[in-house]
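# Predicted model follows, preceded by the sequence.
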Amino acid sequence: MKNYFFYPAFILLILISSCSRNPDTDLIPLFKPTPYTIQIPPGFPTILNIPSDNPMTVEGIELGRYLFYDGRMSGRLQEDSLMSCCTCHLQENSFECGINHPEFIGGHPHGITGIPTPHVMLPMINLVWNSSGYLWNGKISENNPDPAKRQLEDLTWMAIVAPHEMYSDTAKVTEIFKNIPGYTEMFRKAFGSEEVTTDRIGKAIAQFIRTLITADSKFDKYLRGEVQLNDSELNGFVLFTTEEGADCFHCHGGSGNPLFTTHLFYNNGKDSIFSDPNDRYSITGDPMNKGAYKATTLRNIEFTAPYMHDGRFATLDEVIEFYSHQLLWSPYIDPLMHHIAQGGVQLTIQEKQDLKAFLLTLSDTSFIHNPAFESPSDFPE
Amino acid sequence: MVSSLRKVQIVDGHCERSEGFHSLKGHKVDIYRTIIVVLLSVFIGTGCDNSNEPEEDNTWNLVFTFRHCIQGNPLAFDTLLYTNATGNTYLVSEIQYFISDVTLYKPDGSTFMIDDQKEIHYVDTDIQETRTWEVFEKIPAGYYDSVSFTFGISEEKNLSGMFVNPPESYMFWPESLGGGYHYMKLNGKWLEPGQTTVTTPFNCHLGIGQIYYSYPDSITDFIHNDFRVSLPGSDFTITKGQKTEITLTMSVDEWFTDPHDYDFNVWGSYTMQNQEAMQQLTENGHNVFSALIE
């Protein structure tokens, strides 16, 4: 007699055994994270740079916020050896260290052992719309031959191990957080299990960073018809967006590109001799990229001195003076720098004041005081 | 296995047995068999894609590819190789532009316009994928004796804010200069008189021009510099089952001659607030493109 019961039982066995077992879920019910949707401000791009393997969730963002501010991210527990993202990325300075940082003199950050970073800081705002690579030279991008150095997520482990940042190792960091019950619970809520991995830490912090959206400056309100710019600001806006004026908009956007950057790379005439081993040329190998760096967003530029990749300018006045009269020619200068033959855009004193007035309308004070981005009041122990 | 699975119909997540199985009802053995088949159906069915569905008909497709040449040779970027009709030695770094309202003409005078807003096509010499444009719309089969298009974007379609995503959004044309988008950015460098190595940048940008009452502050009118490009000898046949490819070649040097010999020493480095310069480029632009049918 044939055992017909065997067949369905066998199939069921296959089906059940095809599911991977997770020790965590055997003990604790799976937690399904709450999807989080980015609210796209008017005129902003609708295409977001969110990897398919790291969807935004409320719990992931919250975990990311805690990790962003937790000094134990340095892989150390001693009070004098703590370091986290927030050591350099201060909300009050639009998540850059700023020229007024108490430790990093002149806004030049260094790592936990005192080794200076190769460049000063880049903006950490509106990065959910950046798809042209991270860092001043765009090294972290989809074109990087190393798959572990392609996404925003990857910058966390890189910061942990970099000698000029936390100078630690990822095993120490995960070991610390997997032994903090409050955190394992947060990992479970964010990712479905209590497992603490470098990958998950990077994903959570990246989720938090993608929420750092600033789009409520005076200029935004002007575009929405809520406020009026004064005459000086309006004249500065015209200067910003005209070739006869300061001609900033080709690289730094404007009303039609509210990111106020193209996220692309330009040699903007700062130097005539190039020796930086970390410029765009170091990534592309194209000689025309010598001395080229990412055009940063000008949003919140008021809070983010010093300026340029090496922080050579301490004030906006110095930057405007540079673009007005101090450009240096080289064979590699970007063709958009078409005022180079005159040494700059030749702004008058009044025009410089007006341009600065416009740049200050890009400051978003609600962003730098947004409680959603603040440090947690206390951390799991 | 596939044919047996097709006897089972899945409706709203539940399986209904097909007619072929009703006759087996009441037999224990066959109930088990049915369960097995149902389970296999769910198991396999949920793990498969829709590859069994008929493929979409991809015939009648039209593909444009874009090439950029000087004097018949592929453009060598960032290389100081070229001399225009006025004697300017120059190089080209990058070209970005829109073409739109592509129109296909039949011998009987009827036309087919690829006029969907999505079909304003952006070409960027720095972005390889923009240099191939697989037209979204299917093209009616038949013989066409020519192609034309708008270089840039026509006045009624050139609306500020219609592109929010890069790279098209990076082409915005400032509101104070007329708004909308650049039709073209042609960026390079040239040697000013007496110079042998020190190049000066030029930005031949086309878009909405301005008529000034008092330059540069008082604008009294705007000029829409978009223009139609006709491509004689661009006849082709759209055949079912075949993908028709049209290569559009921009002869970059033609921007600087015929009918106007464009002199960088006269017009300087930039054009956006210089309608006369843009008009020269516009009038030169009519014969910049040629077509090759493959």
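Everything's here; your move.

# per-residue pLDDT, whichever residue of chain A sits closest to chain B?
Chain B sits closest to residue A:256 of chain A, with a gap of 2.4 Å, by CB to the nearest CB. Yep, even glycine has a C-beta here, placed from its N, CA and C like the rest. What the model reports as pLDDT for residue A:256 is 97.

# sec struct for residue B:100, please.
At residue B:100 the chain is in strand, as set by DSSP: H, G, I helix; E, B strand; the rest coil.

# In the sheet, which residues pair with it? Tell me.
Beta-bridge partners recorded for residue B:100 (DSSP bridges): residue B:150.

# I'd assumed residue B:148 was in contact with it.
No: Residue B:100 lies out of contact with residue B:148 (CB atoms under 8 Å); the separation is 11.3 Å.

# Look at the two and report which has more neighbours.
residue B:100 (23 against 18; other CB atoms under 10 Å in any protein chain shown).

# which residues touch that one?
Shown in contact with residue B:100 (CB atoms under 8 Å, 6 or more residues apart in numbering or on different chains): B:119, B:120, B:121, B:149, B:150, B:152, B:153, B:154, B:157.

# Just the buried subset of those, written out for PyMOL, thanks.
To isolate the buried ones among the contacts of residue B:100 in PyMOL, judged by 16 or more other CB atoms under 10 Å in any protein chain shown, type:
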select buried, chain B and resi 119+120+121+149+150+152+153+157
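
# Helix, strand, or coil at residue A:185?
Secondary structure, three-state DSSP: residue A:185 is helix.

# tally of neighbours for it?
For residue A:185, the count of nearby residues is 15 (other CB under 10 Å).

# I'd like the distance between it and residue A:191.
Remark: distance between residue A:185 and residue A:191 (CB to CB, to the nearest Å) = 12 Å.

# these two touch, right, residue A:198 and residue A:170?
Yes: with contact defined as CB under 8 Å, residue A:198 reaches residue A:170; the gap is 4.2 Å.

# For the two, list the residues in contact with both.
Joint contacts of residue A:198 and residue A:170 (CB under 8 Å, 6+ apart) are A:157, A:160.

# Strands along chain A, start to end?
With DSSP state E as the criterion, chain A has strands at A:265-266, A:293-294.

# Could you export those to CSV, including columns for distance to residue B:135?
Shown next, in CSV, are the strands of chain A (distance: least, CB to CB, whole Å):
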stretch, distance to residue B:135
strand A:265-266, 32
strand A:293-294, 34
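
# To what extent is residue A:163 buried, counted in neighbours?
There are 10 residues near residue A:163, going by other CB under 10 Å.

# Next up, the contacts around it.
A:111, A:113, A:115.

# residues touching the spatially most central residue of chain A, list them.
The geometric centre of chain A, computed from its C-alpha atoms, lies nearest to residue A:124 (CA atoms, centre = their mean), at 3.0 Å. Under the criterion of CB under 8 Å, 6+ apart, the contact list for residue A:124 reads A:89, A:94, A:95, A:96, A:209, A:212.

# For the fourth one, name its beta-bridge partners.
With beta bridges defined as DSSP bridges, residue A:96 has these partners: residue A:90.

# and it, what pLDDT?
pLDDT, residue A:96: 97.

# pLDDT value on residue 265, please?
You didn't say which chain, so I picked chain A. At residue A:265, pLDDT is 98.

# sorry, should have said chain B
pLDDT at residue B:265 comes out at 97.

# That one: neighbouring residues, count only.
13.

# my guess is it meets residue B:194, correct?
No: Residue B:265 lies out of contact with residue B:194 (CB under 8 Å); the separation is 10.8 Å.

# which stretches of the stretch 151-294 of chain B form strands?
For the stretch 151-294 of chain B, strands defined by DSSP state E, counting those that start in this stretch occupy the ranges B:184-191, B:199-206, B:209-214, B:218-223, B:227-231, B:236-238, B:244-251, B:289-293.

# which ones are touching residue A:236?
The neighbours of residue A:236, taking CB under 8 Å, 6+ apart as the test, are A:354, A:355, A:356, A:357, A:358, A:359, A:361.

# and what of residue A:219?
Applying CB under 8 Å, 6+ apart to residue A:219 gives the contacts A:229, A:237, A:358, A:361, A:362.

# one more time with 6 Å, if that's ok
Residues near residue A:219 by CB atoms under 6 Å, 6 or more residues apart in numbering or on different chains: A:361, A:362.

# Residue A:182: neighbour count?
Neighbours of residue A:182 (other CB under 10 Å): 12.

# That one: what's its closest spatial neighbour, skipping adjacent residues?
residue A:380 (2.3 Å; CB to CB, 6 or more residues apart in numbering or on different chains).

# Verify the contact between that neighbour and residue A:177 for me.
No: checked against CB atoms under 6 Å, the pair residue A:380 and residue A:177 is beyond contact range at 8.9 Å.

# Leaving out sequence neighbours, find the closest residue to residue A:257.
residue B:169 (5.1 Å).

# I'd guessed that neighbour sits against residue B:160; true?
No: in this structure residue B:169 lies outside contact range of residue B:160 using CB under 6 Å: 10.5 Å.

# of those two, who's got more company?
Each of residue B:169 and residue B:160 has its neighbours counted (other CB under 10 Å); residue B:169 has more, 21 against 16.

# Quick one, grab the pLDDT at residue 76.
Picked chain A for this. 95.

# not what I meant, chain B
pLDDT, residue B:76: 98.

# do residue B:139 as well
Looking at residue B:139, its pLDDT stands at 88.

# Report how many residues lie close to it.
Residue B:139 has 17 neighbours, counted by other CB under 10 Å.

# Distance check, whatever residue of chain B ends up closest to chain A against residue A:255.
Of all residues in chain B, residue B:172 sits closest to chain A, at 2.4 Å by CB to the nearest CB. Per CB to CB, residue B:172 is found 7 Å from residue A:255.

# Kindly report the domain assignment for the chain.
Unless you meant another one, I'm taking chain A. A:58-213, A:218-366 (automatic domain parsing).

# that answer is for a different chain, and I need it for chain B
Listed by automatic domain parsing, the domain ranges of chain B are B:2-47, B:62-293.

# which of those has the lowest average pLDDT?
The weakest mean pLDDT among the domains of chain B belongs to domain B:2-47, with a mean of 41.

# Run through the residues of the stretch 151-294 of chain B sitting next to chain A.
Within the stretch 151-294 of chain B, the residues that sit near chain A (CB under 6 Å from any CB of the partner chain) are B:164-165, B:169-170, B:172, B:174-176, B:187-189, B:200-201, B:203, B:216, B:269-270, B:272-273.

# Columns distance to residue B:293 on top of the domains of chain A, output as TSV?
Shown next, in TSV, are the domains of chain A (distance: least, CB to CB, whole Å):
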stretch	distance to residue B:293
domain A:58-213	34
domain A:218-366	34
